[in-house]
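# Just a sequence and a predicted model for now, questions to come.
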Amino acid sequence: MMFNWLSLVTGLFYIVLGIVVIIYKFFFTILEPAIAYALGAVLVIYGIFRIYRAVSKIKKSKDEE
């Protein structure tokens, strides 16, 4: 159960990191705008995926109780 909540926090972290990469165009080094937008979008999408997966597992575990 704790893993699901940790996955939620991790998903939020990825979304925030993606937004920061898009705004500042920086990820360990200065990025070209096209690369920053692409990397930021991938990070945001992955964060949304992790949150969706964690929420579905939390709902499934509550249904089993």
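That came in fine, so what should we check first? As the structure is a computational prediction, the values presented were derived from the model and not from experiment.

# quick one: Ile35 from Met2, how far?
For Ile35, the distance to Met2 equals 36 Å [C-beta to C-beta, to the nearest Å]. No exception for glycine: its C-beta is placed from N, CA and C like everyone else's.

# So between the two, which is more surrounded?
Shown here are Ile35 and Met2; by other C-beta atoms under 10 Å, Ile35 has more neighbours (12 against 6).

# Just list the residues touching that one, thanks.
By C-beta atoms under 8 Å, 6 or more residues apart in numbering, the contact list for Ile35 is empty.

# so which helix or strand takes in it?
Per DSSP states H and E: Ile35 is located in helix 33-64.

# Give me the average confidence score over that helix.
Per-residue pLDDT over helix 33-64 has a mean of 92.

# Tell me the buried residues in it?
Burial within helix 33-64, assessed by neighbour count using 16 or more other C-beta atoms under 10 Å, is assigned to 36, 39-40, 43-44, 46-47, 50-51, 54.

# how about stretch 31-51 as CSV, C-alpha atoms only?
Listed in CSV are the C-alpha atoms of stretch 31-51, where the atom choice follows Å, rounded to 0.1, in the frame of the first residue of the first chain:
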residue,chain,number,x,y,z
LEU,A,31,19.1,22.4,-23.7
GLU,A,32,17.9,23.5,-27.1
PRO,A,33,14.3,24.6,-27.0
ALA,A,34,13.0,21.7,-29.1
ILE,A,35,14.8,19.1,-26.9
ALA,A,36,13.6,20.8,-23.7
TYR,A,37,10.0,20.7,-24.9
ALA,A,38,10.2,17.1,-26.0
LEU,A,39,12.0,16.0,-22.8
GLY,A,40,9.5,18.0,-20.6
ALA,A,41,6.6,16.5,-22.4
VAL,A,42,7.9,13.0,-21.9
LEU,A,43,8.4,13.6,-18.2
VAL,A,44,5.0,15.1,-17.8
ILE,A,45,3.3,12.2,-19.7
TYR,A,46,5.3,9.7,-17.6
GLY,A,47,4.2,11.4,-14.4
ILE,A,48,0.6,11.3,-15.5
PHE,A,49,1.0,7.6,-16.3
ARG,A,50,2.5,6.8,-12.8
ILE,A,51,-0.3,8.7,-11.1
